[in-house]
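**Q** Provided below are the primary sequence and the corresponding predicted coordinates.
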Amino acid sequence: MAKIIQNGTIVTAADVSRADLLIENGIVTAIGSDLLRLAPQAEVIDAAGCYLFPGGVDPHTHLDMPFGGTITADDFETGTIAAAYGGTTTIIDFCLTVKGKPLSSAIRTWHEKARAKAVIDYGFHLMISEITDEVLEELPAIINDEGITSFKVFMAYKNVLQADDGILYRTLLSAKEHGALVMVHAENGDVIDYLIRQALAAGHTEPIYHALTRPSVLEGEATGRAVRLTGLADSQLYVVHVTCEEAVRQIADGRLEGLRVWGETCPQYLLLDISYLEKPDFEGAKYVWSPPLRAKEHQEALWNALKNGQLQTVGSDQCSFNFSGQKELGLGDFSKIPNGGPIIEDRFSLLYSEGVEKGRLGLSQFVDIIATRAAKLFGIFPQKGTIAVGSDADIVIFDPTVKRVISSETHHMNVDYNPFEGIAVTGVPVSVLSRGEFIIRDQQFVGTPGRGNYLRRNKFGNTSDSLSEKG
Ligand SMILES: NC(=O)NCCC(=O)O
Ligand SMILES: [Zn+2]
Ligand SMILES: [Zn+2]
């Protein structure tokens, strides 16, 4: 049945306007006033006092993923339900390949994990565990047949996932040739490996040593190396989970020179700092991410970089492990703490509350960062990431006046803690539509697992928007 959303304020990355929306067959078909003229039978939804945002696009999630000897606590069902509660209607999840096996078998596995469970639409990046000649040969088919047009290469996690510079360079060349975007985890894995072994040999086993063995200079160095290799290959690069001023500077310098380089940060790096890793009773393990949380002054650098466009997106890097039984695998050895945390639900609200409410970001800038830019970079715009005639009706009806306090007692992620426990946020996604269907209505989940569609993404540079993607 057609729907009309009335009396809301529509916010896109381009403008803010008071207008009504007509939704038919899952698509926005008109924006304006007096829309009942066009669809007299439509269900009318009153959004007075609310913003209408495009559904969030989270470009960085790890659901149902084996990592560090365990498997993430959230799968495609719990993870996407939590995402929906939080105002995110599209995710791009990392399909982890298996060493020695064809890429296509990992992709099959990821489809099986997602198909019957996802409640929102989803695409895949490929997270390549080992890049060999065979893997490089397989990439063009993955891009063309699967619509997977971005690959993550690791410069860290030595002896597990790390690729060397030659491999990164060849991946950049292949991406340029076939129309893909290379994503990079930029930390100097060789030096980190040495520092970890030194720390453990000296008997330093606590969570704080996770951060102390991964100093920001090693993220800056690796980021600079990746940016320079991208320039040499005349390719395109997206640096995931940027945490520090040194890395921002490398990305900004590359962009100033006209290189096709973009950067993502995450809520944890904007809001939490290294002191959290020193919490007693091993609680610091809850705050173990790679790269790690940094000294507080880096937060200002990241906010400024978002504001002035040096960084373009905020991903959740959702990668949840329970404290009990999972993070605890690192008791007695910080290097065995599974990396990552549960953020998929709170990414949208945290960025609104800490960004827009606190005057760090404008409304349209918020939409660009939370939805539009990722949709453009990853080849799903304008189907996703905006409110426009012809776009999917993925809409968040957002009340900017309601306040709530984040807590694991009330969150919907399948995990026993929340890293933002006790933080108050202003603004709540009251109702969320995905392709015109309510999946959250009045803060209650009303969707169905399995309704989410797989998104076959456009090649990099294949839409007018990613071609002109400079800003
Ligand atoms: N970021 C993190 O700590 N965990 C997830 C895996 C990754 O993105 O490197
Ligand atoms: Zn990473
Ligand atoms: Zn990640």
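**A** Cool, the structure landed. Ligands and ions are numbered 1, 2, ... in the order given.
**Q** mind giving me the packing neighbours of the lengthiest helix in the chain?
**A** Longest helix in the chain, counting residues (DSSP state H): helix 216-233. The contact analysis (3 or more C-beta pairs under 8 Å, 6 or more residues apart in numbering; DSSP states H and E) places helix 216-233 against helix 165-178, strand 181-185, helix 189-201, strand 236-239, helix 245-256, strand 260-265. C-beta here means a position set from N, CA and C on the backbone, and glycine is covered the same way.
**Q** closest one to ligand 1 among these?
**A** Nearest to ligand 1 among those is strand 181-185; the distance by C-beta to the nearest ligand atom comes to 5.1 Å.
**Q** which residues sit against that closest one?
**A** Identification of contacts with strand 181-185 by C-beta atoms under 8 Å, 6 or more residues apart in numbering yields 125, 149-157, 161, 168, 171-172, 175, 222-223, 226, 230, 235-241, 290, 377-378, 460.
**Q** now, of these, which are buried?
**A** 125, 149-157, 161, 168, 171-172, 175, 222-223, 226, 230, 235-241, 290, 377-378, 460 (16 or more other C-beta atoms under 10 Å).
**Q** spatially nearest residue to residue 355 (excluding sequence neighbours)?
**A** Leaving aside its sequence neighbours, residue 355 sits nearest to residue 361 (C-beta to C-beta, 6 or more residues apart in numbering; 3.8 Å).
**Q** still on that earlier bit, can you put the helices and strands packed on helix 216-233 in CSV and add mean pLDDT and distance to residue 44?
**A** Listed next are the helices and strands packed on helix 216-233 as CSV, based on pLDDT from 0 to 100; distance: least, C-beta to C-beta, whole Å:
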stretch, mean pLDDT, distance to residue 44
helix 165-178, 95, 47
strand 181-185, 98, 41
helix 189-201, 98, 56
strand 236-239, 98, 41
helix 245-256, 98, 45
strand 260-265, 98, 38
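**Q** any chance of the ones you listed in TSV, plus distance to residue 11?
**A** Output for those, formatted as TSV (distance: least, C-beta to C-beta, whole Å):
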stretch	distance to residue 11
helix 165-178	33
strand 181-185	26
helix 189-201	40
strand 236-239	25
helix 245-256	26
strand 260-265	21
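**Q** format these as a markdown table; extra columns: distance to ligand 1.
**A** A markdown table is the format used below for the helices and strands packed on helix 216-233 (distance: least, C-beta to the nearest ligand atom, whole Å):
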| stretch | distance to ligand 1 |
| --- | --- |
| helix 165-178 | 15 |
| strand 181-185 | 5 |
| helix 189-201 | 11 |
| strand 236-239 | 12 |
| helix 245-256 | 14 |
| strand 260-265 | 11 |
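**Q** hmm, back to that, for the residue nearest to residue 355, what are its contacts?
**A** 306-307, 351, 355, 369.
**Q** roughly how far does it sit from residue 88?
**A** 18 Å (C-beta to C-beta, to the nearest Å).
**Q** and for residue 58?
**A** Taking C-beta to C-beta as the measure, residue 58 falls 5 Å from residue 88.
**Q** so what sits against both of the two?
**A** Listed as contacting both residue 58 and residue 88 by C-beta under 8 Å, 6+ apart are 316, 344, 347.
**Q** mind listing the strands for the stretch 251-400 of the chain?
**A** Along the stretch 251-400 of the chain, counting by DSSP state E, counting those that start in this stretch, strands occupy 260-265, 313-314, 395-405.
**Q** pick the most buried one from those strands.
**A** strand 313-314 (a mean of 28; mean count of other C-beta atoms under 10 Å).
**Q** which elements pack onto that strand?
**A** Against strand 313-314 (3+ C-beta pairs under 8 Å, 6+ apart) you get strand 260-265, helix 373-377.
**Q** what sits up against the longest one?
**A** Looking back up the chat, that one is strand 260-265. 59-60, 227, 230, 235-243, 247-248, 251, 254-255, 302, 305-306, 310-315, 373, 377, 469.
**Q** picking up where we left off before, show me which of the shared contacts of residue 58 and residue 88 is closest to ligand 1.
**A** Of all those, residue 316 has the smallest distance to ligand 1: 10.2 Å, by C-beta to the nearest ligand atom.
**Q** I'm done for today, thanks for sticking with me.
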